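Asks: any chance you can model this:
(one chain, ligands or ions: 1)
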Amino acid sequence: MSGESRRWCCDDCRKSFRDPRVTMAPMLHDHVWSRLAREDETLCGVCMFKRASNRHIKLSLADLRACPANVEFYLQHTPFHFSWFEFFAKDESEAPKNLTEWEKALRRLSPKLG
Ligand SMILES: [Zn+2]
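Replies: Next up, the predicted model:
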């Protein structure tokens, strides 16, 4: 396998991110990610949640970095987009601690989100 194809698959289940059904895990804060994976590991969303539940870690919006990739990204080779922000926001009953950061990230993206 070439270095490139290695980067484009989940280090746990080995599914390729070129498959539109495989979603790359969101960017988490380092202290959260370090409880789930090594720094150099890349995980898909499914494996991230699997590890979190095995380790009794409840992921929430506040664990996500306020970066554009978490707000919206396009799935490989498809017109579909996916938002980790929306995914986690659905679950939240109270405002996350880093809501201000999120608002800034969303505002940066707002022309695109239209
Ligand atoms: Zn995986």
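Asks: can you give me the strands for this structure?
Replies: Using DSSP state E, the strands found in the chain span residues 73-74, 81-82.
Asks: any idea which of those strands gets closest to the ion?
Replies: Distances from the ion to each of the strands of the chain were compared using Cβ to the ion; the shortest belongs to strand 81-82, at 15.3 Å. All C-beta atoms are positioned from the backbone trio N, CA, C, and that covers glycine.
Asks: residues of this structure that sit close to the ion?
Replies: Where the chain comes near the ion, counting by Cβ under 5 Å from the ion, the residues are 10, 12, 13, 44, 47.
Asks: check contacts around the fourth one.
Replies: With Cβ atoms under 8 Å, 6 or more residues apart in numbering as the criterion, the residues that contact residue 44 are 10, 12, 13, 15, 17, 22, 23, 24, 25.
Asks: residues touching the fifth one, list them.
Replies: Contacts were defined as Cβ under 8 Å, 6+ apart; by that measure residue 17 touches 8, 9, 10, 23, 24, 44, 76.
Asks: next one: the second one
Replies: Shown here is residue 12, whose contacts under the criterion Cβ under 8 Å, 6+ apart are 41, 43, 44, 47, 50, 51.
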